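In: Give me coordinates for this.
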Amino acid sequence: MKHALRPMRIEDIPQVIEIEKQSFPTPWSSYAYNCELNDNDIAHYLVVITEDDPQNVLGYGGMWIIIDEAHITNIAIAPNCRGIGLGKLLMKGLDVLAIQKKAIRMTLEVRVSNDKAKSLYNKMGFKTIGIRPDYYMDTNEDAIIMWKELY
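Out: Just a heads-up that it's a prediction; the model follows:
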């Protein structure tokens, strides 16, 4: 099965919300995604699909481009699609999009406990540069701050 990326669309939001609910203790709302897609000029989102079913969202990721920095806002793959390289595909797509938008570096926060995500980000060239104590309000878990240069 061949996978591809495309920009997130309003009609993708219900599937994105389902993946959100399966992936995060405090998922974003439909309203938040509507605002990101309709009202936020610095927001850019991609979805992972299969080429034979481009309406079926398997994962998504988004970022804000602020001057020359790309700030990953969220990324998730449907639980039944994890472990087959879709996260890596999505991160590479966000890299390309960030470069197209003139970003020269990229950052994200990740839960201290999220070993799989940290492993992926390390493989993608991110380096740990700090900790945000009690960053996640739902659990008071710390966040690791990671950065990478895109050039």
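In: which helices and strands does the lengthiest helix in the chain pack with?
Out: With secondary structure taken from DSSP state H, the chain has its longest helix at helix 86-100. Helices and strands in packing contact with helix 86-100 are listed as strand 3-7, strand 43-50, strand 59-66, strand 69-77, strand 105-111, helix 115-123; criterion 3 or more CB pairs under 8 Å, 6 or more residues apart in numbering; DSSP states H and E. Glycine gets a C-beta too; all of them are placed from N, C-alpha and C.
In: In CSV: the ones you listed, plus mean pLDDT and mean neighbour count.
Out: Compiled in CSV, the helices and strands packed on helix 86-100 are given as follows (pLDDT from 0 to 100; neighbours: other CB atoms under 10 Å):
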stretch, mean pLDDT, mean neighbour count
strand 3-7, 97, 15
strand 43-50, 97, 21
strand 59-66, 98, 21
strand 69-77, 98, 20
strand 105-111, 97, 19
helix 115-123, 96, 15
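In: mind putting the ones you listed in JSON lines, distance to residue 21 included?
Out: Converted to JSON lines, the helices and strands packed on helix 86-100 look like this (distance: least, CB to CB, whole Å):
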{"stretch": "strand 3-7", "distance to residue 21": "22"}
{"stretch": "strand 43-50", "distance to residue 21": "16"}
{"stretch": "strand 59-66", "distance to residue 21": "13"}
{"stretch": "strand 69-77", "distance to residue 21": "10"}
{"stretch": "strand 105-111", "distance to residue 21": "17"}
{"stretch": "helix 115-123", "distance to residue 21": "18"}
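In: Indicate which one of those is closest to residue 28.
Out: Nearest to residue 28 among the helices and strands packed on helix 86-100 is strand 69-77; the distance by CB to CB comes to 6.8 Å.
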